[in-house]
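Trainee: Sequence first, predicted model second:
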Amino acid sequence: MLKMQTVLHIPESSMQEVIQQLCQIDKLSQPLLQTKVMAILKKYYADMDETFVKEVISAMSESSILTYCVKDGPLGTAKKRAAYVRRELPLVNPVEYVVKQGTKPLTYVPIIPMLQKLLNKSGVLDKAMSEKVHIPAEYRSYTGGQYFNENSLLVRDEFTAALGLYIDDFELANPLGTLNLKHKMCVVYWVIAKIPSEYRSTLNLIQLPLLCNSSTVKECGYAKVLQPLIYDLRFLKQNGVHLDQLGASVKGTVLYVAADKLGAHSLAGFFKSFADDKFCRFCSASSSDTLQQEVCSGFFQLRDKESHDKQVQEVSEDPRLSQAYGVKGACPLKNLEHFHVVTGYTPDILHDVLEGIVSAELSLCLIDLIGKRHFTFNMLNQTMRHFNYTYTDKTDRPQMIGKGFSSKGTIGGNAQENWCLIRLLPFLIGHCVPEGDNTWEILMLLKDITELAGILKRHCISWSVKYQSTGTCYSQYFQLFI
């Protein structure tokens, strides 16, 4: 019943009708069941008492699970089923908060009881405690990163809960005209970072603690919207959660926050647009500097905790300095011990690479290859349309490229579609391109880099490793893989 409601998304009224029809089928099958049972009993015990036979048949009929689902049964209505779930199952109910009078309320699922119930499940706890031991000078997971090893709470010998947060906005509908953005929502997710990467991305381990209208965030700010979440995160650090299997309380903190540039910079307190002079949250690069200096030259100084805290303080006293620093204010998560905005916001491979660099480079290279008459625009789209995609590629198949892609400077498409296209490009048009073509070599190098980035993403290296190359920052992210 819960699967019909939460996984298959069957409406409550429809689900009630399905249950009642199943009960009716069960009721209609009872005479057949009674006839069969009575025939078998009479076959082996001809002189059996009739009363005994009726009692056996009655007991079998009453043992049917569907008897609990009839209208007068304990699971016969939606209200009774909801009461049963609250009473018998490990459910954590969401709580509604009104941030400001006149704004829409936000919904919050408390992370402390949710984390406790997750870690008290033996399978989850075993996987969370199975993280491989770090080998010096090797980056196999986030435990090999400098930022992780500088975290005095998470490097303890005892088990601790390292949490990863992800924040994003999404549109519930796609309204047109004046209704645009009316249904836009801000959502925060969290995951137990110590669970191995092959399990960490499964949907049943990704939790949603907070959901609210984006208009509420815009009007009230992240500090007020995230207040219940921050309170629980501070409680987790100070008091922890008690785990019955360990017989002890386990403390934890936020290891990283993942988001696209808009979400990360909005929450972290940086300027949100690439048009701003100081556009990078990892280094002090300015727009003019990036046009004159090579990215890998080490010219751009990385942001550090001390200087950033000082800049936030100076901006709070004199807001005019924000343009010089690229800092608008303090991050709402600043009061979380063992977390800092400079080390806690990670690069995002999905947005930076697949929806950024890959989309732009594909556009430039396809323009050149089509201009060389290796293939035509229509041939490319026809090949993409009729290619025999298999497995997950059927779902993530690339969309047809629009005619205006050359003027836009991007092929469009989401991350999964772009990843599918760059990976399958040799099968789509590789036979049309002569060997040794420089533009094609660039595309194949980009494909290899993208695959390496995907491996790093799966192992979460990019989320917490402070690389030892000179001047590593957001603007030179790709230099790590070349």
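Mentor: Cool, got the structure.

Trainee: Would you mark the buried spots in the helix ranked longest in the chain?
Mentor: In the chain, taking DSSP state H as the definition, the longest helix is helix 12-44. Residues of helix 12-44 classed as buried by neighbour count (16 or more other CB atoms under 10 Å): 15, 16, 19, 23, 26, 34, 38. All C-beta spots, glycine's among them, are computed from the backbone N, C-alpha and C.

Trainee: now swap in stretch 268-280 and tell me
Mentor: By 16+ other CB under 10 Å, the buried positions in stretch 268-280 come out as 268, 269, 270, 271, 276, 278, 279, 280.

Trainee: and the fifth one, which of the three is it?
Mentor: Of the three states, residue 276 takes coil according to DSSP: H, G, I helix; E, B strand; the rest coil.

Trainee: I'd assumed residue 327 was in contact with it.
Mentor: No. The pair residue 276 and residue 327 fails to qualify as a contact (CB atoms under 8 Å) at a distance of 10.9 Å.

Trainee: Quick one: the buried residues of helix 12-44 as JSON lines, columns for distance to residue 341 and pLDDT too.
Mentor: Shown next, in JSON lines, are the buried residues of helix 12-44 (distance: CB to CB, whole Å; pLDDT from 0 to 100):
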{"residue": "15", "distance to residue 341": "46", "pLDDT": "88"}
{"residue": "16", "distance to residue 341": "49", "pLDDT": "89"}
{"residue": "19", "distance to residue 341": "51", "pLDDT": "89"}
{"residue": "23", "distance to residue 341": "57", "pLDDT": "88"}
{"residue": "26", "distance to residue 341": "59", "pLDDT": "85"}
{"residue": "34", "distance to residue 341": "71", "pLDDT": "78"}
{"residue": "38", "distance to residue 341": "76", "pLDDT": "79"}
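
Trainee: Let me know the closest of those to residue 149.
Mentor: residue 15 (50.5 Å; CB to CB).

Trainee: thinking again about what came up before, who are the packing partners of the longest helix of the chain?
Mentor: With contacts defined as 3 or more CB pairs under 8 Å, 6 or more residues apart in numbering; DSSP states H and E, the packing partners of helix 12-44 are helix 2-6, helix 50-62, helix 78-88.

Trainee: Let me know the angle separating it from helix 78-88.
Mentor: When axes from the mean of the first three to the mean of the last three CA atoms, to 10 degrees is applied, the directions of helix 12-44 and helix 78-88 differ by 80 degrees.

Trainee: what about the helices in the stretch 351-482 of the chain?
Mentor: 358-371, 377-386, 405-408, 415-429, 438-458, 461-464 (DSSP state H, counting those that start in this stretch).

Trainee: how far away is residue 103 from residue 222?
Mentor: 14 Å (CB to CB, to the nearest Å).

Trainee: Name the residue in those two with the higher neighbour count.
Mentor: With neighbours defined as other CB atoms under 10 Å, residue 103 and residue 222 compare such that residue 222 has more, 21 against 18.

Trainee: give the contact list for that one.
Mentor: Residue 222 is in contact with 266, 267, 332, counting by CB atoms under 8 Å, 6 or more residues apart in numbering.

Trainee: Try it again at 10 Å.
Mentor: Residue 222 sits next to 167, 186, 188, 230, 263, 266, 267, 268, 269, 331, 332, 333 when contact means CB atoms under 10 Å, 6 or more residues apart in numbering.

Trainee: before we move on, what about residue 417?
Mentor: 354, 355, 359, 393, 395, 396, 397, 398, 399, 411.

Trainee: and the second one, how many residues sit next to it?
Mentor: If you count neighbours by other CB under 10 Å, residue 355 ends up with 22.

Trainee: pretty sure it is touching residue 412, no?
Mentor: Yes. Taking contacts as CB atoms under 10 Å, residue 355 lies within contact range of residue 412: 9.3 Å.

Trainee: quick check, residue 210 in a strand?
Mentor: Yes. Assessed by three-state DSSP, residue 210 belongs to a strand.

Trainee: For residue 395, the count of nearby residues, please.
Mentor: Neighbours of residue 395 (other CB under 10 Å): 10.

Trainee: and what of the one 10 residues further on?
Mentor: Residue 405: 17 surrounding residues under other CB under 10 Å.

Trainee: I'm done for today, thanks for sticking with me.
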